[in-house]
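Participant: okay, predicted coordinates and the sequence, questions at the end:
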Amino acid sequence: MLSALLLWTSMKSLLSPVDLRCENLTSPLAVEGEHPRFSWKLKGEGRDLRQKGYRILVASSKDFLREGKADLWDSGEVSSAEQFGIPYAGSGLGSGKRVWWSVQIQDAGGAPSEWSKPAEFGAGLTGWKADWIGWDAPDGDKPEWHPEIGRVKNPLLLRPASLFRKEFHAARPISRATAYVTALGLVDLHVNGKRVADDLFTPGWTNYDKRVYYRAFDVTSMLHRGENVVGAVLGDGWYSGYVGYGGIRAHYGDRPRLRVQVNVEYADGSSEIIGSGPDWVATSGPTVEQDFLMGEKYDARKERNGWDKPGYKAQGWQPVHKVDGITAEVEPFCGDPVRAYERLKAKKVTEPEPGVYVVDFGQNLAGFAKLNLKDTKPGQLIKLRFAEWLNPDGTLYVKNLRGARATDVYICKGGAAEEWEPRFTFHGFRYCEVTGLAQRPEATTVQAVAISSATPEVGHIETSDPILNRLSANAWWTQKMNFIDIPTDCPQRDERLGWTGDAQAYIRTACSYSDVQAFFQKWLVALDDEQTAEGNFPMVAPTKVAGHDGGPAWADAGTICPWTIYQVYGDKQLLARHYPQMKKFVEFNLARSQAGPLPPKEFHCFGDWVSINADTPKEVIWQAYFAYSTDIVAKAARELGNAEDAKHYAALHEQIKEAFNKAFVSPEGVIQGDTQCCYVLALAFDLLDPKMAKIAADRLIKGIEDRKTHLSTGFVGTRDVMQVLSKIGRNDMAFRLLHNTTFPSWGFEVLNGATSIWERWDGWTPDKGLQDPDMNSFAHYAYGAVMGWVFAEIGGIHALEPGFGKVLIAPQIDPHLTWAKTRYDGIRGLIRCDWKVENGKLHVDVELPPNTSAEIRVPGANAKGDADAIGVPAGGYTSWALGSGRYSFTSDYKS
Ligand code: BGC
């Protein structure tokens with residue numbers, strides 16, 4: 001290390017590399033392939049800080065690294081500003097190898113940084129030394145059913161969770177141990193009496209016929225010399241439980257399966273592998289029913305104390321059997337695990353019927369309830385039911401749950417104190433009904449546990465308007481409620497599917513709230529796994545229950561989502577991985593087109609889903625989205641250096657546009673259907689020439705004015721309407737829509753008590769009450785897409801280049817607000833834009849991370865800044881070209 005330092009100038013850099021990641025994950029212990037990619041962020045106080053070069057050291061131990069000994073790879077000094085996606089180019093990593101790495105960067109002036117804190121990663125397993133095993137848990141007792149919930153094929157079949165165990169002897173002191181675990185089903189791994197992680201629903205939902213993920217955990221500190229136990233609790237989950245509507249269970253298989261491998265390294269250099277196999281034993285335990293949709297039933301009297309500890313007498317446990325014929329690829333988990341992220345106490349408790357308590361948590365959420373009980377009797381049965389809404393009499397409104405029973409039961413063992421929360425279920429709820437308590441619950445008797453895929457929060461906007469702040473909180477809650485291993489439509493009813501249209505409509509907004517790179521890294525594989533042989537993308541991924549023909553705006557998730565992730569995170573490898581499927585999809589659409597190209601004679605399309613009395617012709621949506629996907633493929637080809645494809649698809653894009661104009665736009669500029677959505681699509685996707693675009697802009701405004709400043713748009717139209725209004729120079733209209741509080745509007749929902757984003761504008765109205773319970777969720781994120789626009793326009797943060805290397809900071813001053821504070825901790829670090837209007841002056845404060853250049857536009861022709869560079873007045877704003885750092889600007893801007 002010393003010699004390396006001497007090579008570089010002795011001046012220390014103001015920059016330091018932080019937040020090291022491998023394959024876009026923090027310290028993953030199993031990564032795929034021989035060349036995992038490294039990324040880091042740069043931290044540093046000061047202006048115009050840049051990275052000029054880097055050097056990465058990779059070693060087989062942390063101590064080696066400390067001594068500057070890179071026994072696996074030394075990148076050497078690389079002259080490059082890259083800070084993400086840098087592939088490991090060292091020697092073979094070997095199955096399960098655990099590795100440390102560190103990076104030093106050189107700043108623009110040539111000064112080296114300190115070496116970063118070492119970070120760890122582990123190579124994935126090449127070849128398992130463990131069998132798939134199974135144990136056929138008996139069918140549960142006839143489960144209780146609630147007659148008010150329909151639609152499940154009777155009889156309801158629910159099974160207990162199974163317990164597995166293996167005792168083994170470690171003869172020598174252990175230096176390191178890694179546990180690898182996967183399941184067809186859901187698994188909680190235990191070692192010596194403890195769960196190895198708080199993660200939920202391991203290993204996630206995939207098309208289990210093709211692929212299943214495994215997780216890796218460091219269990220060094222949990223094992224010891226002598227007797228040890230590895231245990232697992234196995235549930236049905238997506239593999240063999242109820243999934244989606246239709247009342248069907250066992251979509252992939254009837255019984256869950258398990259595979260565990262623990263690699264133990266001894267201090268003397270020897271090693272041992274403990275793998276699942278026929279020498280493991282299994283039984284059922286206290287969890288007597290478990291299912292995502294139906295809920296969980298736990299009989300604490302059936303607990304097997306010490307089952308996962310050494311010395312337990314496994315009497316009555318049965319041998320497991322080895323399961324052959326599982327052909328799914330077993331790959332390292334590449335997403336974010338699901339975890340509990342917040343625990344909420346009761347806000348209010350009511351008693352609509354004697355002994356029936358309804359706990360209001362004041363917030364709609366996805367998760368479950370935790371019980372903290374005192375002075376219980378053996379056999380006392382506590383029942384928990386969940387809902388998003390209440391009937392007028394204060395009882396739970398559960399009709400919109402459709403076939404989801406959403407009921408948990410806890411049977412007490414009896415004693416001074418008992419605690420419980422379920423492991424293999426979740427519900428979407430704000431209210432929990434609890435029965436069976438001896439007395440009125442206290443604030444903590446029933447707590448709500450909110451869960452989500454642990455996508456790190458990166459964005460926040462706060463303004464002078466409490467309604468807008470609540471809307472923002474609602475979108476973020478709804479995102480968390482629906483990012484549960486995959487992006488779902490809703491968390492409460494018998495659906496919870498990876499609806500492609502919803503995901504594509506919301507993905508850009510999702511990126512503003514949290515770092516979803518790894519989350520989508522996983523889901524995009526699921527989406528590709530479901531592409532048909534012809535090239536179509538599905539309605540839902542993984543594809544079960546709903547079909548393989550997504551139709552326009554749904555299937556297009558296959559092009560839009562990888563492109564968006566590339567835009568935000570600059571991940572070229574991800575784009576390259578999905579490019580062939582994106583292209584295949586466009587080819588599929590072309591092959592089924594009529595001459596023109598124009599929409600096929602017959603095709604499936606959901607239309608502008610849940611719009612308000614405004615039917616946009618399906619052909620218009622088809623053609624617009626075909627153009628959009630083709631444009632994306634042309635641009636993706638260009639980014640990937642495929643000039644030939646870029647040219648080809650750009651030409652096809654022109655043809656599709658031309659055909660759109662001929663077939664659907666009248667000489668007067670009226671688009672067939674004449675809905676707001678029609679004009680939004682044509683303008684968002686640049687389908688019109690300037691003259692027609694002007695007419696379309698006018699017709700869109702007229703369409704909004706005709707409805708007294710209200711939208712009629714559904715999922716498809718709402719996705720882009722606000723961006724389009726900005727594009728046509730009508731932010732004034734966008735702001736009016738944003739702050740509208742009459743039906744239908746975002747503000748209307750907030751004023752009517754929404755704590756999440758509703759599926760439908762008219763989920764509840766004063767005139768009609770609740771919408772049809774067959775489709776009325778209060779937690780769908782599609783309409784939350786407006787917040788992406790708020791981050792970009794009011795927050796003023798735009799990426800001008802994939803990966804935010806170049807940004808535009810251009811806050812739009814919303815006259816309804818006096819201030820807005822926006823933060824976005826992107827792939828390169830924190831971007832901040834705060835503005836306030838005070839005494840006739842506009843103040844704008846901006847912060848940019850290192851390795852970023854920005855154009856900053858401050859409203860007002862004569863804005864002044866504390867930056868050295870000189871602002872250039874242009875069309876109503878003054879603009880600066882600046883690098884990293886903090887800057888303040890003022891102008892005489894008048895709203
Ligand atoms: C889902 C949606 C989805 C739609 C497709 C609904 O049942 O909840 O959000 O996009 O079906 O039309």
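Facilitator: Nice, I can see it.
Participant: where does the stretch 101-250 of the chain have low pLDDT?
Facilitator: Within the stretch 101-250 of the chain, the segments meeting pLDDT under 70 span 147-154.
Participant: against Asp549, how distant is the closest residue to the ligand within it?
Facilitator: Across the stretch 101-250 of the chain, the shortest distance to the ligand (C-beta to the nearest ligand atom) belongs to Tyr245, at 7.8 Å. In short, each C-beta sits where N, CA and C put it, glycine included. Using C-beta to C-beta, to the nearest Å, one gets 18 Å for the distance from Tyr245 to Asp549.
Participant: likewise Ile326?
Facilitator: Ile326 is 29 Å from Asp549, by C-beta to C-beta.
Participant: do Gly865 as well
Facilitator: Distance from Gly865 to Asp549, counting by C-beta to C-beta: 54 Å.
Participant: cool, and Gly355?
Facilitator: Distance, Gly355 to Asp549, by C-beta to C-beta: 50 Å.
Participant: and the two? which has more neighbours close in?
Facilitator: A count of neighbours by other C-beta atoms under 10 Å puts Asp549 above the other of Gly355 and Asp549, at 16 against 12.
Participant: run through the residues that contact the residue lying closest to Arg257 once chain neighbours are set aside.
Facilitator: Closest residue to Arg257 apart from its sequence neighbours, by C-beta to C-beta, 6 or more residues apart in numbering: Leu184 at 4.2 Å. The neighbourhood of Leu184, defined by C-beta atoms under 8 Å, 6 or more residues apart in numbering, consists of Trp132, Tyr208, Val212, Tyr239, Ser240, Tyr252, Gly253, Pro256, Arg257, Ile326, Ala328.
Participant: same check, this time on Met787
Facilitator: By C-beta under 8 Å, 6+ apart, the contact set of Met787 is Ile461, Leu471, Ser472, Ala475, Trp476, Thr509, Ser512, Tyr513.
Participant: using the three-state scheme, assign it.
Facilitator: helix (DSSP: H, G, I helix; E, B strand; the rest coil).
Participant: so which residues on this protein come close to the ligand?
Facilitator: Within the chain, the positions adjacent to the ligand are Asp489, Cys490, Glu495, Trp499, Gly501, Asp502, Phe606, Trp609, Met775, His780 by C-beta under 6 Å from any ligand atom.
Participant: repeat that for 8 Å
Facilitator: Contacts of the chain with the ligand, taken as C-beta under 8 Å from any ligand atom, map to 245, 489-490, 495, 497, 499-502, 539, 546, 554, 606, 609, 715, 759, 775, 777, 780, 782.
Participant: select from these every entry located in helices.
Facilitator: Using DSSP state H, the subset of the residues of the chain next to the ligand located in helices is Thr500, Gly501, Asp502, Phe715.
Participant: which ones are touching the residue lying closest to the second one once chain neighbours are set aside?
Facilitator: Spatially, and ignoring its direct neighbours in sequence, Gly501 is nearest to Trp554 (3.7 Å; C-beta to C-beta, 6+ apart). Shown in contact with Trp554 (C-beta under 8 Å, 6+ apart): Trp499, Thr500, Gly501, Gln504, Phe537, Pro538, Met539, Phe606.
Participant: can you read off the backbone torsions of the residue positioned nearest the centre of the chain?
Facilitator: Geometric centre of the chain, nearest residue: Phe483, 4.3 Å, by C-alpha atoms, centre = their mean. Main-chain torsions, Phe483, degrees, to the nearest 10: phi -90, psi 80.
Participant: now it: closest residue in space that isn't a chain neighbour?
Facilitator: Excluding the flanking residues, the one nearest Phe483 by C-beta to C-beta, 6+ apart is Ser453, at 4.6 Å.
Participant: same question for Gly860.
Facilitator: Sequence neighbours aside, Ser891 is the residue nearest to Gly860 in space, at 3.0 Å (criterion: C-beta to C-beta, 6+ apart).
Participant: just the pLDDT at that neighbour, thanks.
Facilitator: Predicted confidence (pLDDT) for Ser891: 95.
Participant: ok, it touching Arg857?
Facilitator: No. With contact defined as C-beta atoms under 8 Å, Ser891 does not reach Arg857; the gap is 10.7 Å.
Participant: one step back: mind giving me the PyMOL command for buried ones among the contacts of Trp554?
Facilitator: Selection of buried members from the contacts of Trp554 for PyMOL, criterion 16 or more other C-beta atoms under 10 Å:
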select buried, resi 499+500+501+504+537+538+539+606
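Participant: one step back: highest neighbour count among the contacts of Leu184?
Facilitator: Highest count within the contacts of Leu184 by other C-beta under 10 Å belongs to Val212, 26 neighbours.
Participant: buried residues in the strand or helix carrying that residue?
Facilitator: Per DSSP states H and E, Val212 falls inside strand 211-218. If you call a residue buried by 16+ other C-beta under 10 Å, then strand 211-218 has these buried ones: Val212, Tyr213, Tyr214, Arg215, Ala216, Phe217, Asp218.
Participant: got a list of what the last one touches?
Facilitator: Contacts of Asp218 were listed using C-beta under 8 Å, 6+ apart, and they are Leu29, Arg176, Ala177, Thr178.
Participant: name the element the second one belongs to?
Facilitator: Assigned by DSSP H and E, Arg176 belongs to strand 174-184.
Participant: before we move on, back to that, against Gly415, how distant is the residue nearest to the centre of the chain?
Facilitator: Distance, Phe483 to Gly415, using C-beta to C-beta: 38 Å.
Participant: again, but for Val243
Facilitator: From Val243 to Gly415 the distance is 37 Å (C-beta to C-beta).
Participant: between the two, which has more neighbouring residues?
Facilitator: Higher neighbour count among Val243 and Gly415: Val243, with 26 against 13, using other C-beta under 10 Å.
Participant: before we move on, back to that, from the ones in helices among the residues of the chain next to the ligand, which is closest to Thr425?
Facilitator: Nearest to Thr425 among those, counting by C-beta to C-beta, is Asp502 at 22.3 Å.
Participant: mind checking the longest strand of the protein?
Facilitator: With secondary structure taken from DSSP state E, the chain has its longest strand at strand 356-376.
Participant: now it - C-alpha only, PDB.
Facilitator: Provided in PDB are the C-alpha atoms of strand 356-376 (Å, rounded to 0.1, in the frame of the first residue of the first chain):
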ATOM      1  CA  VAL A 356     -64.700  -7.000  19.300                       C
ATOM      2  CA  TYR A 357     -62.000  -4.300  19.300                       C
ATOM      3  CA  VAL A 358     -61.000  -2.400  16.200                       C
ATOM      4  CA  VAL A 359     -57.500  -1.000  16.300                       C
ATOM      5  CA  ASP A 360     -56.800   1.900  13.900                       C
ATOM      6  CA  PHE A 361     -53.100   2.400  13.100                       C
ATOM      7  CA  GLY A 362     -53.800   5.700  11.300                       C
ATOM      8  CA  GLN A 363     -51.900   4.500   8.300                       C
ATOM      9  CA  ASN A 364     -52.600   2.000   5.500                       C
ATOM     10  CA  LEU A 365     -49.700  -0.500   5.300                       C
ATOM     11  CA  ALA A 366     -48.600  -3.900   4.200                       C
ATOM     12  CA  GLY A 367     -47.500  -6.300   6.900                       C
ATOM     13  CA  PHE A 368     -49.000  -8.000   9.900                       C
ATOM     14  CA  ALA A 369     -49.800  -7.500  13.500                       C
ATOM     15  CA  LYS A 370     -47.600  -8.200  16.500                       C
ATOM     16  CA  LEU A 371     -49.300  -9.400  19.700                       C
ATOM     17  CA  ASN A 372     -48.000  -8.400  23.100                       C
ATOM     18  CA  LEU A 373     -50.300 -10.200  25.500                       C
ATOM     19  CA  LYS A 374     -50.400 -10.200  29.300                       C
ATOM     20  CA  ASP A 375     -52.000 -12.700  31.700                       C
ATOM     21  CA  THR A 376     -53.200 -15.200  29.100                       C
END
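Participant: for that strand, buried residues please.
Facilitator: Residues 356-361, 363-371, 373, 376 are the ones in strand 356-376 that count as buried (16+ other C-beta under 10 Å).
Participant: same deal with stretch 336-346?
Facilitator: Neighbour-count burial for stretch 336-346 flags Asp336, Pro337, Val338, Ala340, Leu344, Ala346 (criterion: 16+ other C-beta under 10 Å).
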